[in-house]
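Novice: generate coordinates for the sequence data below:
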Amino acid sequence: PVTITQGLTKVEGAGADQFEQLNLGKDTVSTVVTDEPGTPGNPGGNNEGDLVKVTIAADQLSVNEATESTFTVTLNKVLDKPFTVTLSTGATLTFAAGETTKSYAAPAQGEDVFKDEGKITVSITKAEVVGEQLENLQIGQPASVAVTDTQSPVTAQLTVDNTTVAEGGKITYTVTLVSADPSLPVTNHKGLTFTLTDGTTVTVKAGEATGSVTVTAPDNVYVNDPVTITQGLTKVEGAGADQFEQLNLGKDTVSTVVTDEPGTPGNPGGNNEGDLVKVTIAADQLSVNEATEPTFTVTLNKALDKPFTVTLSTGATLTFAAGETTKSYAAPAQGEDVFKDEGKITVSITKAEVVGEQLENLQIGQPASVAVTDTQSPVTAELSVDNSTVAEGGQITYTVTLVSADPSLPVTNHKGLTFTLTDGTTVTVKAGEATGSVTVTAPDNVYVNDPVTITQGLTKVEGAGADQFEQLNLGKDTVSTVVTDEPGTPGNPGGNNEG
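Specialist: You can find the predicted model right below:
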């Protein structure tokens with residue numbers, strides 16, 4: 001409270017000199033002055049103190065994100081001392097004594113490439129006269145300015161690491177986000193997926209500016225003209241796709257020429273690195289007998305997408321349908337016969353092809369063999385004689401005939417045989433023949449004899465062909481011829497004596 005004390009100090013005026021004695025009283029009077037009710041200095045009830053109100057107002061309804069927004073701070077009355085205002089941005093404004101308005105420019109939200117429209121709000125956080133306490137200070141509401149986006153374009157650019165690659169090689173595609181204003185970051189997104197012309201996708205992860213994908217160049221087993229793969233960006237998706245103010249897909253395409261592997265007929269030079277197509281043949285059994293067909297399996301090392309034809313040394317052809325990798329083949333049996341001819345059946349691949357195509361790297365495996373064992377097909381040497389009775393000095397013809405147990409099997413493919421009879425007589429079956437004969441003279445003397453019986457059997461066989469047969473048996477039957485005295489003799493009377 002302030003006390004006002006007053007006393008009389010002098011008197012003037014037209015009547016001042018009219019009095020005989022005009023004295024000024026010596027007593028003083030005092031009045032105590034208090035703050036209005038409700039003020040900090042006189043609390044209680046509504047504040048009836050002198051109002052000091054400070055307010056803030058935006059100077060524009062909206063600005064773009066690259067522009068500073070301005071505000072006006074206003075005092076409702078002139079003060080006789082400096083008045084300081086602190087804003088929510090941390091800025092301070094000082095009104096000089098007598099000032100009632102101040103301007104303030106808030107920082108721009110900031111230029112960027114993302115959609116982030118919003119508002120800038122500034123409030124008064126503190127207002128004071130330093131060293132004084134204001135009776136009735138009121139601070140106005142915050143002020144706001146709408147912030148609109150600019151259109152800061154970002155372009156997704158596609159690049160490729162190789163312009164030429166061999167079949168089966170690697171191709172890496174990279175998508176890079178490029179801002180038209182290099183100073184503006186492009187990474188504050190939630191992830192993007194770009195689709196290329198052929199459907200391949202490239203992912204740029206959240207918070208990154210580039211993404212890559214590596215694919216394998218198309219590959220086949222055929223000799224081709226070079227193939228050009230051209231890719232462009234066709235669409236973008238993902239959580240971050242709608243975050244950009246303006247996200248453009250680059251219009252440039254990238255191309256890679258795919259050639260056959262080095263060393264192939266389509267790209268000669270060096271070792272053949274083409275896709276190997278190998279066809280092999282293997283026997284299904286170690287051995288068969290001569291009457292049995294041996295079987296073989298022909299195998300491709302990979303499935304092809306077109307028919308594949310294999311020609312065998314036997315003249316047979318096998319066709320693999322698309323997708324097949326094995327085929328079976330039964331070779332003709334060596335054939336049943338009566339001779340020793342064990343050996344082997346060998347089948348090789350003489351030709352392999354996809355009709356109308358040239359294979360990059362065709363390899364043909366080694367021939368396959370099956371051992372052939374003999375069966376035991378018996379042949380019997382049978383002895384016969386032309387005469388069962390003959391006069392002394394007459395002719396007896398012995399014949400040896402080769403007879404197969406299986407009449408369909410020839411017996412003549414031998415190099416010659418000599419059979420010995422009981423009495424040492426030999427009968428020759430010449431090479432390539434099935435029979436052989438020998439003629440002998442019946443024993444003869446000057447005496448009258450009882451009839452003599454000559455009995456012959458096969459005792460052995462020799463000759464170049466003797467060991468050729470699988471099973472050559474000597475017939476066990478014997479043949480006999482009775483030798484009588486000549487006609488007209490006492491021992492054989494009748495007619496003229498021929499003895």
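Novice: every contact and neighbour count from this point should use C-alpha atoms.
Specialist: OK.
Novice: which stretches of the stretch 151-300 of the chain aren't confidently modelled?
Specialist: Segments of the stretch 151-300 of the chain classed as low confidence (criterion: pLDDT under 70) are 266.
Novice: what ranges do the strands span in it?
Specialist: Taking DSSP state E, counting those that start in this stretch, the strands of the stretch 151-300 of the chain run over residues 153-160, 164-166, 170-179, 192-196, 201-204, 210-216, 227-231, 233-237, 246-249, 254-259, 276-283, 287-289, 295-300.
Novice: mind putting these in TSV, distance to residue 82 and mean neighbour count included?
Specialist: Shown next, in TSV, are the strands of the stretch 151-300 of the chain (distance: least, CA to CA, whole Å; neighbours: other CA atoms under 10 Å):
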stretch	distance to residue 82	mean neighbour count
strand 153-160	48	20
strand 164-166	77	19
strand 170-179	48	19
strand 192-196	56	20
strand 201-204	57	21
strand 210-216	56	16
strand 227-231	70	15
strand 233-237	58	17
strand 246-249	49	19
strand 254-259	69	19
strand 276-283	93	19
strand 287-289	120	19
strand 295-300	99	18
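Novice: output these as CSV; include the columns distance to residue 437.
Specialist: Below are these laid out as CSV (distance: least, CA to CA, whole Å):
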stretch, distance to residue 437
strand 153-160, 94
strand 164-166, 80
strand 170-179, 85
strand 192-196, 95
strand 201-204, 95
strand 210-216, 83
strand 227-231, 82
strand 233-237, 99
strand 246-249, 105
strand 254-259, 79
strand 276-283, 47
strand 287-289, 35
strand 295-300, 45
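Novice: how close does the most centrally placed residue in the chain sit to residue 170?
Specialist: Nearest to the mean C-alpha position of the chain, by CA atoms, centre = their mean, lies residue 216 at 7.6 Å. Residue 216 is 5 Å from residue 170, where distance means CA to CA, to the nearest Å.
Novice: also residue 440?
Specialist: 94 Å.
Novice: over to residue 252?
Specialist: 21 Å.
Novice: next: residue 144.
Specialist: According to CA to CA, residue 144 stands 56 Å off from residue 170.
Novice: residue 257 too?
Specialist: Distance from residue 257 to residue 170, by CA to CA: 12 Å.
Novice: domain parsing for the chain?
Specialist: Domain assignment of the chain by automatic domain parsing yields the ranges 153-259, 276-373, 378-484.
Novice: so which of the ones you listed gets nearest residue 81?
Specialist: domain 153-259 (46.0 Å; CA to CA).
Novice: distance between the ends of the closest one?
Specialist: Terminal residues of domain 153-259 lie 38 Å apart, using CA to CA.
Novice: report the separation between the residue nearest to the centre of the chain and residue 429.
Specialist: As defined by CA to CA, residue 216 lies at a distance of 76 Å from residue 429.
Novice: please apply the same query to residue 226.
Specialist: Counting by CA to CA - residue 226 and residue 429 are separated by 74 Å.
Novice: of these two, who's got more company?
Specialist: For residue 226 and residue 429, the more surrounded residue by other CA atoms under 10 Å is residue 429, and the numbers stand at 25 against 17.
Novice: surely the more buried one and residue 435 touch.
Specialist: Yes. Between residue 429 and residue 435 there is a contact under CA atoms under 8 Å: 5.4 Å.
Novice: mutual contacts of those two, please.
Specialist: residue 400 (CA atoms under 8 Å, 6 or more residues apart in numbering).
Novice: ok, residue 11 - contacts?
Specialist: residue 24.
Novice: using the three-state scheme, assign it.
Specialist: coil (DSSP: H, G, I helix; E, B strand; the rest coil).
Novice: pLDDT at it, what is it?
Specialist: Note on residue 11: pLDDT of 95.
Novice: now swap in residue 495 and tell me
Specialist: pLDDT, residue 495: 53.
Novice: residue 498 now?
Specialist: Predicted confidence (pLDDT) for residue 498: 55.
Novice: ok, now residue 445?
Specialist: 81.
Novice: on that earlier part again, who wins for proximity to residue 18 among the domains of the chain?
Specialist: Among the domains of the chain, the nearest to residue 18 by CA to CA is domain 153-259 (93.0 Å).
Novice: check the offset of that closest one from the chain's centre.
Specialist: Here the centre of domain 153-259 is set off from its chain's centre by 20 Å, with CA atoms, centre = their mean, to the nearest Å.
Novice: what's the answer for stretch 350-360, then?
Specialist: That offset, for stretch 350-360, works out to 25 Å (CA atoms, centre = their mean).
Novice: how far does that stretch stretch from start to finish?
Specialist: 18 Å.
Novice: returning to that earlier point: pretty sure the residue nearest to the centre of the chain contacts residue 165?
Specialist: No. Contact criterion CA under 8 Å: residue 216 and residue 165 do not qualify, at 9.8 Å.
Novice: and for the two, which residues touch both?
Specialist: In terms of CA under 8 Å, 6+ apart, residue 216 and residue 165 are both contacted by the residues residue 171.
Novice: tell me, how many residues neighbour residue 319?
Specialist: Residue 319: 16 surrounding residues under other CA under 10 Å.
Novice: then the one 10 residues further on?
Specialist: Close neighbours of residue 329, defined as other CA under 10 Å, add up to 19.
Novice: next: the one 3 residues further on.
Specialist: Residues within reach of residue 332, counting by other CA under 10 Å, total 14.
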